[in-house]
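**Q** give the three-dimensional model of this entry:
(chains A, B and C)
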Amino acid sequence: MDNESTSGNKQRTLMTYISGTLKGAGQVMFQGSAWTGLLIMAGIFWGCYGPDGEHMPLVAWGALVGLVVSTAMGYIFESKSDGDQGLWGFNGILVGCAVFTFLGNTVWAWLALIFGSAMTVVARRGFNNVFAPFNTTSYTFPFIVVSWFILLSGRLMGQLPPVGEAVAEFPTNVTSPDLTYTFADLVIYWLKGISQVFLVNSWVTGIFFLVGLALCSRWAAFWAALSSAVALFVAIVFNAEHAGIINGLYGFSPVLTGIALGCTFYKPNVKSFFYALAGVVFTVFVQVGMDAFFAPVGLATLTAPFCVATWMFMLPMYKLRMSRQKSSH
Amino acid sequence: MDNESTSGNKQRTLMTYISGTLKGAGQVMFQGSAWTGLLIMAGIFWGCYGPDGEHMPLVAWGALVGLVVSTAMGYIFESKSDGDQGLWGFNGILVGCAVFTFLGNTVWAWLALIFGSAMTVVARRGFNNVFAPFNTTSYTFPFIVVSWFILLSGRLMGQLPPVGEAVAEFPTNVTSPDLTYTFADLVIYWLKGISQVFLVNSWVTGIFFLVGLALCSRWAAFWAALSSAVALFVAIVFNAEHAGIINGLYGFSPVLTGIALGCTFYKPNVKSFFYALAGVVFTVFVQVGMDAFFAPVGLATLTAPFCVATWMFMLPMYKLRMSRQKSSH
Amino acid sequence: MDNESTSGNKQRTLMTYISGTLKGAGQVMFQGSAWTGLLIMAGIFWGCYGPDGEHMPLVAWGALVGLVVSTAMGYIFESKSDGDQGLWGFNGILVGCAVFTFLGNTVWAWLALIFGSAMTVVARRGFNNVFAPFNTTSYTFPFIVVSWFILLSGRLMGQLPPVGEAVAEFPTNVTSPDLTYTFADLVIYWLKGISQVFLVNSWVTGIFFLVGLALCSRWAAFWAALSSAVALFVAIVFNAEHAGIINGLYGFSPVLTGIALGCTFYKPNVKSFFYALAGVVFTVFVQVGMDAFFAPVGLATLTAPFCVATWMFMLPMYKLRMSRQKSSH
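**A** Below is the predicted model:
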């Protein structure tokens, strides 16, 4: 690298690195665009500082640190080309969001965040090797596995206080009456379903994300919007736990499934439309099912329902006109 | 399809479809025979309506709907040859049995049943791709995964009431005295171990199934009978929880393991006899172990113990004279 | 075999078999040396009978039986070359250690031990087939899977009393103050981290193991010592549950990860040093995380954290100068 560094090249290189880093934020939703990444970062900061958010500034700063650390690790120890596409950062940024959503602010939590973000680079390479024979990839699974171990460790390590984690309990059978809501409520739940992709609970952030997606791909924005709406509809008619509906917790995994199946791995067409739609609906049941399964340890599913459902729809390797610009996610 | 339809062809085709559908019931026990399927369906209806059953008519109708839906999905969207062998229906019929064994009768449970049965077609294609390099297949795992998500969802979705699911609790250490029984009791428990393959709790149904198996393969009937007896013996001498013994719940997975290893994937001979016998015994411990593992979420293992044990005995890819008529299950 | 047996050959053969059996004890820590195996066996017996141990003689005898049974099964039904390297015994000896650490002394527990040890031969062949495409192996996973089913069965089978198993409970959030300790305490915890590889809780046994390792490979002894120290350090600064620290329960999996990554699968060099060190640290979080995850069923993780972490660091298939004398573990 040093060999070829002239003043001009260095300038370009710095921008390349910044662009590669920002693209990492965009790649969570399969968009290798720095502008999308920038809007997503803005949305995260809004959600953490804005009036309708949860006032958790640490989440935003954790996301930034996780993004930078994992992208840097990828650039230093791994392939530059993946770095330029933002493919090293998308797991790290999510680790950053997850750690301070669920753990308290200690020096050791910061260390776990940095170590965990760096680990996603190793995990992504390894898991991608596992999925390569099936023409698919590990998606956000490196983030999930690394974060699960850190969040579970929070239960038994005094320096990782699990202040934001759910109480461990048996899954309780829902018997509450149907949810009542106005149309404005529905819009808010729908937008939160999108913002929760980054564990942010703010409808304004959902708008940031939709605009960011539209900047790079109208189809991605369409599928994000549609999938969150479909998931909301399914959750309401099946009368899923109300807190989950209100906070957009049944939406974020289906949003990712929709973008993945609807316009990333398959080209948008009639066949892939209905196939992706089935995937979105299935993701809701995977989400609720995993919520129940993890109740006794109080663990969050993170985006695992998206991974599980999308793998199940990609593993058949159906030929519904694969997207040529195949994501190497 | 329309192009080649003449009156005569249509007649033949209708029978082909009916036969392919019935074979789906038989393929749960690895028998691609419409007559076996017919006797199994009869056994299921007897178990749901008959005097010694549990009077759960919905289970039988759910089974029929699941069988038809999944077979139809396979014929329409997937390979006809697998359809003619009944390979699309065997997961769907089990989804149908499972939904109303564990969930209450709501419109939404019916929708989940239909959606889940259809999903098994996608899941089977995908999971079979995963197992192909190891010369084996996904067995009933598509049914298991899809049903687990639906049954777990029942905990947190008001419209999927988990009326038949176990109470979620910590696994309790058994301290009860040895089971007491007459010889007639043993025969009943043994036959129920066979009927529970389809989640039916009726000794008469067990006879239906044995006769159905014998129609297609004496060896399959022999292994079903032997495996249920061996599993019952192991469960009794190790003093497993009495309710499980009495209701045949330690028998159904070993029955499937026995048929799979003893005469389906290996030709019956001395080596494969003892190998399959070890597999049957091992399945009992997998069954009891998974029962304990799932206790905190009150989830049924379904036929997962059979899958896990049979995979563990197939993955070594030992050459004990493979059966030539290799099931593409 | 009988064909070639002359008096001289028989003599050689008997020693070969004894050597292959003892190497099985050494292969748990990746050392195919009969002397290492002998010291490990001595360490186990010391830990079970010695003044600083837990006075559980059954564990030592179980280990011996498990070692002999699994090695014999491998020699009889499987490859002789793996047998001569001790590769059939290392899972069986661990099954033997695990059964009587957690279950009470009944005839049926002995039968489960013998059956389980024999099963690890089948499981190892099968799991190794799964990992072969990724240039790695199943490590101690056959032992883990087989033992998990037996230990979980202990909950629901009266003849397998789970007298040594943890109470099933929700993972409780640690709020205790920092651990206080002297330097001598630290040395004891550190040595116990090594002895717990074989589920033995004795610092003297840790010395036995270190000496045994050094006989075959100084690097292995170095990595065992370093990894246990690093794991102890991480557990203390993150304030992990004190009982786990005091009994060396956070050390044994990192010890195995360290030996595996630091000097078995990679040649010792600067790159592999830091890579293995990261693996050791990561293993601690996998350990604590799995402890929390299994709390509701009261199941021990056994060496699963080592397997999970080492797979995650091997799957990327990085070229840090692979060790030529590649273990076929």
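
**Q** what's around residue A:225, how many residues?
**A** Using other C-beta atoms under 10 Å in any protein chain shown, residue A:225 has 20 other residues around it. (Each C-beta comes from the backbone N, C-alpha and C, glycine too.)

**Q** you'd agree it is up against residue A:210?
**A** Yes. In this structure, residue A:225 is within contact of residue A:210 by C-beta atoms under 8 Å, at 6.3 Å.

**Q** overlap in contacts, these two.
**A** Residues touching both residue A:225 and residue A:210 by C-beta atoms under 8 Å, 6 or more residues apart in numbering or on different chains: residue A:194.

**Q** give me the residue from the stretch 101-250 of chain A nearest chain B.
**A** Residue nearest to chain B within the stretch 101-250 of chain A: residue A:239 (3.3 Å; C-beta to the nearest C-beta).

**Q** tell me where the stretch 51-200 of chain A has strands.
**A** Applying DSSP state E, counting those that start in this stretch to the stretch 51-200 of chain A gives no strands.

**Q** quick check: residues of it near chain C?
**A** Contact residues (C-beta under 8 Å from any C-beta of the partner chain) of the stretch 51-200 of chain A with chain C: A:108, A:112, A:115, A:118-119, A:122-123, A:125-127, A:129-130, A:133, A:145, A:148-162, A:168-169.

**Q** can we see that at 7 Å?
**A** A:108, A:115, A:119, A:122-123, A:125-127, A:129-130, A:148-150, A:152-153, A:155-160, A:162, A:168 (C-beta under 7 Å from any C-beta of the partner chain).

**Q** separate out the buried members of the residues you listed.
**A** Among those, the ones that count as buried by 16 or more other C-beta atoms under 10 Å in any protein chain shown are A:108, A:115, A:119, A:122-123, A:125-127, A:129, A:148-150, A:152-153, A:155-160, A:162, A:168.

**Q** so which of these are in helices?
**A** Members of those lying in helices (criterion: DSSP state H): A:108, A:115, A:119, A:122-123, A:125-127, A:129, A:148-150, A:152-153, A:155-156.

**Q** nearest residue to residue A:153 other than its sequence neighbours?
**A** Leaving aside its chain neighbours, residue A:153 sits nearest to residue C:288 (4.2 Å; criterion: C-beta to C-beta, 6 or more residues apart in numbering or on different chains).

**Q** mind pulling up the pLDDT for that neighbour?
**A** In this model, residue C:288 is scored at 98, pLDDT.

**Q** likewise residue A:50?
**A** 86.

**Q** tally of neighbours for it?
**A** 16.

**Q** isn't it right up against residue A:202?
**A** Yes. Counting by C-beta atoms under 7 Å, residue A:50 touches residue A:202, with 6.1 Å between them.

**Q** quick one: the residue lying closest to residue A:160 once chain neighbours are set aside from residue A:161, how far?
**A** Closest residue to residue A:160 apart from its sequence neighbours, by C-beta to C-beta, 6+ apart: residue A:154 at 4.1 Å. Distance, residue A:154 to residue A:161, by C-beta to C-beta, to the nearest Å: 7 Å.

**Q** anything in contact with each of those two?
**A** Residues touching both residue A:154 and residue A:161 (C-beta atoms under 7 Å, 6 or more residues apart in numbering or on different chains): residue A:103.

**Q** looking at the two, which one has more neighbours?
**A** Set residue A:154 next to residue A:161 and count neighbours by other C-beta under 10 Å: residue A:154 wins out with 30 against 20.

**Q** that one contacts residue A:106, correct?
**A** No. With contact defined as C-beta under 7 Å, residue A:154 does not count as touching residue A:106 (10.3 Å).

**Q** which residues do the two both contact?
**A** Common neighbours of residue A:154 and residue A:106, using C-beta under 7 Å, 6+ apart, are residue A:161.

**Q** burial count for the residue nearest to residue A:153?
**A** With other C-beta under 10 Å as criterion, residue C:288 counts 31.

**Q** repeat that for residue A:294.
**A** 21.

**Q** and it, how far is that from residue B:152?
**A** Distance, residue A:294 to residue B:152, by C-beta to C-beta: 10 Å.

**Q** now swap in residue A:60 and tell me
**A** Distance of residue A:60 to residue B:152, given as C-beta to C-beta: 33 Å.

**Q** now tell me what touches stretch A:119-128 from outside.
**A** A:70, A:73-74, A:77-78, A:88, A:91-92, A:95, A:137-138, A:141-143, A:145-146, C:282, C:312-313, C:315-316.

**Q** what does chain A put close to chain B?
**A** Counting by C-beta under 7 Å from any C-beta, chain A sits next to chain B at A:134, A:170-171, A:173-176, A:237-241, A:281-282, A:285-286, A:288-289, A:291-293, A:295-296, A:312-313, A:315-317.

**Q** at 6 Å what do you get?
**A** Contact residues, chain A versus chain B (C-beta under 6 Å from any C-beta of the partner chain): A:170-171, A:173-174, A:238-241, A:285-286, A:288-289, A:291-293, A:296, A:312, A:315-316.

**Q** buried only: go through those residues for me.
**A** Judged by 16+ other C-beta under 10 Å, buried ones among those: A:170-171, A:173-174, A:238-241, A:285-286, A:288-289, A:291-293, A:296, A:312, A:315-316.

**Q** now do the helices in chain A.
**A** For chain A, the helices defined by DSSP H cover A:7-27, A:34-49, A:57-77, A:80-84, A:89-102, A:107-131, A:141-156, A:183-195, A:203-216, A:218-237, A:242-246, A:252-259, A:270-294, A:304-314.

**Q** looking at those helices, which has the lowest confidence?
**A** helix A:7-27 (a mean of 81).

**Q** nearest spatial neighbour of the residue nearest to the spatial centre of chain A, skipping sequence neighbours?
**A** Taking C-alpha atoms, centre = their mean as the criterion, residue A:197 is the residue nearest the geometric centre of chain A, at 4.4 Å. In space, and not counting its chain neighbours, residue A:197 is closest to residue A:252: 4.5 Å by C-beta to C-beta, 6+ apart.
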